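Participant: My questions concern the predicted model and sequence given below.
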Amino acid sequence: MERLVTSNLKLGIIAGGQLGKMLIQEASKWDIITYVLDNDENCPAGKIASHFIKGNNLDFGSVYQFGQLVDILTFEIENVNIEALKKLKSEGHKIVPDPAILELIQDKGLQKEFYKKNGISTSAYKIFESETAILKGIEKEEISFPFVQKLRKGGYDGRGVAVINDKTDLIKIISGASVIEEKVEIVKEIAVIAARNRKGEIKCYPVVEMLFDPQANLVDKLICPSSITFDQSKKAVNFASEIIELLKMEGLLAVELFIDSKGEVIVNEIAPRPHNSGHHTIESIITSQFEQHLRAILNLPLGSTKLKLPSVMINILGSDGYEGPVIYEGLTESMAIEGVKIHLYGKKITKPYRKMGHLTVLSSSPECAMKKAEKVKQLIKVKSWTKN
């Protein structure tokens, strides 16, 4: 085990966004050599990786050749060429999490079938292969309003999702094979990040509560610890532990859940990697999600997930109406507030609602952290010299 973490270990990360960047920052503490595969030479992770390899994460050749360069391969995005990963695995290369797990999670239809098969509470659903099939399902009353359409593959950060409340919303329907879910009356949206190593050790982080920006359909604020009941929290953690164990997964699993109007906890979606809902762990938890991911994939003892201080995390998004070279406003004033920790991802071009960074506000209570976070949210603006 100790032999693995040496200056000779080559860790490959597929995709070079902010998650890859923060993973590399942790890996550098252990003197691990890092390789990043990304099409964008200016990607956040590419600037700090030991080696940057230009290539497409969906291209068989790019992924296969990249995997041959490293000792252990992981990813910070779900959209990866599965066939290349399977071939690498068949040739003895270590890929974590396993390609079979990624293949299941890539397909929201397979995810739903997995929950159903294993008795995991989730919203009622049906699967349709095309937009035409969905419209016919509505005509035959197989689908009732309101409902949520999710593309089986390719969706992320709110993309590939359409909320259809009535017939006037049918113009929003997306073309492609989809999962149609009954629209849940959501009271709260929560998340749990679980970690598991090859020895079967499992640790979960405290449940977080997520507040969403209705325009961007992205997390606006994340509160830790959440304000849900003890029983609801226990159910959420149990679901996360059960899923990661059923998958026999090595690495991190982010589990997004709903609490409905009846107070029931139901699983929404999972992601097999570090996640936006875990950024606060860098400062507010003893072991960050990025260190934990490394511990899990290297089969090291998992770190403590105890809370150090309550926190609120805010995504720093590109302001609406601006696109071009980025300009940040309000950073100095924000840093003057006690407990504010700012992370900028290094993206040179801003776009409306693009994730440009995040900040975590630490305080003695979630309520106090929220007050400071609201103040900081008003201060920080992401703009450009170019206004749309």
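Facilitator: In hand now; what should we look at?
Participant: Which residue ranges of the stretch 51-200 of the chain form strands?
Facilitator: Here the stretch 51-200 of the chain has its strands, by DSSP state E, counting those that start in this stretch, at 51-54, 72-75, 94-95, 125-128, 147-151, 161-164, 178-182, 186-196.
Participant: Pick the most deeply packed of those strands.
Facilitator: strand 72-75 (a mean of 24; mean count of other Cβ atoms under 10 Å). In short, each C-beta sits where N, CA and C put it, glycine included.
Participant: Measure how far it is from the centre of its chain, please.
Facilitator: When distances are taken as Cα atoms, centre = their mean, to the nearest Å, strand 72-75 is centred 16 Å away from the chain's centroid.
Participant: Direction included, what does it pair against?
Facilitator: Partners of strand 72-75 in the sheet, by DSSP bridges, are strand 10-14 (parallel), strand 94-95 (parallel).
Participant: center of the chain, which residue is that?
Facilitator: For the chain, the residue nearest the mean C-alpha position is His275 (3.0 Å; Cα atoms, centre = their mean).
Participant: from the middle of its chain, how far away would the longest helix along the chain be?
Facilitator: The longest helix of the chain (DSSP state H) is helix 230-246. Helix 230-246 sits 18 Å away from the centroid of its parent chain (Cα atoms, centre = their mean).
Participant: if we can go back for a sec, for the strands of the stretch 51-200 of the chain, give me a markdown table that also has mean pLDDT and distance to Asn238.
Facilitator: As requested, these are arranged in a markdown table below (pLDDT from 0 to 100; distance: least, Cβ to Cβ, whole Å):
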| stretch | mean pLDDT | distance to Asn238 |
| --- | --- | --- |
| strand 51-54 | 98 | 40 |
| strand 72-75 | 98 | 26 |
| strand 94-95 | 98 | 28 |
| strand 125-128 | 96 | 22 |
| strand 147-151 | 95 | 25 |
| strand 161-164 | 93 | 27 |
| strand 178-182 | 96 | 22 |
| strand 186-196 | 97 | 9 |
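Participant: now these in TSV, with distance to Lys29?
Facilitator: As requested, the strands of the stretch 51-200 of the chain are arranged in TSV below (distance: least, Cβ to Cβ, whole Å):
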stretch	distance to Lys29
strand 51-54	18
strand 72-75	17
strand 94-95	21
strand 125-128	42
strand 147-151	38
strand 161-164	37
strand 178-182	40
strand 186-196	18
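Participant: Of all those, which one comes closest to Gly318?
Facilitator: With Cβ to Cβ as the measure, strand 161-164 is the member of the strands of the stretch 51-200 of the chain nearest Gly318 (20.1 Å).
Participant: Who are the packing partners of the closest one?
Facilitator: The contact analysis (3 or more Cβ pairs under 8 Å, 6 or more residues apart in numbering; DSSP states H and E) places strand 161-164 against strand 147-151.
Participant: Report all helices and strands that the strand it packs on contacts.
Facilitator: For strand 147-151, the packing partners by 3+ Cβ pairs under 8 Å, 6+ apart come out as strand 161-164, strand 178-182.
Participant: okay, those in TSV with distance to Glu242 next?
Facilitator: Shown next, in TSV, are those (distance: least, Cβ to Cβ, whole Å):
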stretch	distance to Glu242
strand 161-164	25
strand 178-182	21
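Participant: Tell me which of these sits nearest to Leu331.
Facilitator: Per Cβ to Cβ, nearest to Leu331 of these: strand 161-164, 32.1 Å.
Participant: Residues contacting the closest one from elsewhere in the structure, which ones?
Facilitator: The contact list for strand 161-164 (Cβ atoms under 8 Å, 6 or more residues apart in numbering) reads 145-151, 155, 169-170, 172-174, 183, 217.
Participant: and the two most separated of these?
Facilitator: The widest separation within the contacts of strand 161-164 (Cβ to Cβ) is 21.2 Å, between Phe145 and Gly155.
Participant: Of those two, which one has the most company?
Facilitator: Neighbour tally, Phe145 and Gly155, criterion other Cβ atoms under 10 Å: the higher count belongs to Gly155, 19 against 12.
Participant: Name the residues linked to the closest residue to that one other than its chain neighbours by a beta bridge.
Facilitator: Nearest residue to Gly155 in three dimensions, chain neighbours excluded: Val161, at 6.0 Å (Cβ to Cβ, 6 or more residues apart in numbering). Beta-bridge partners recorded for Val161 (DSSP bridges): Lys150.
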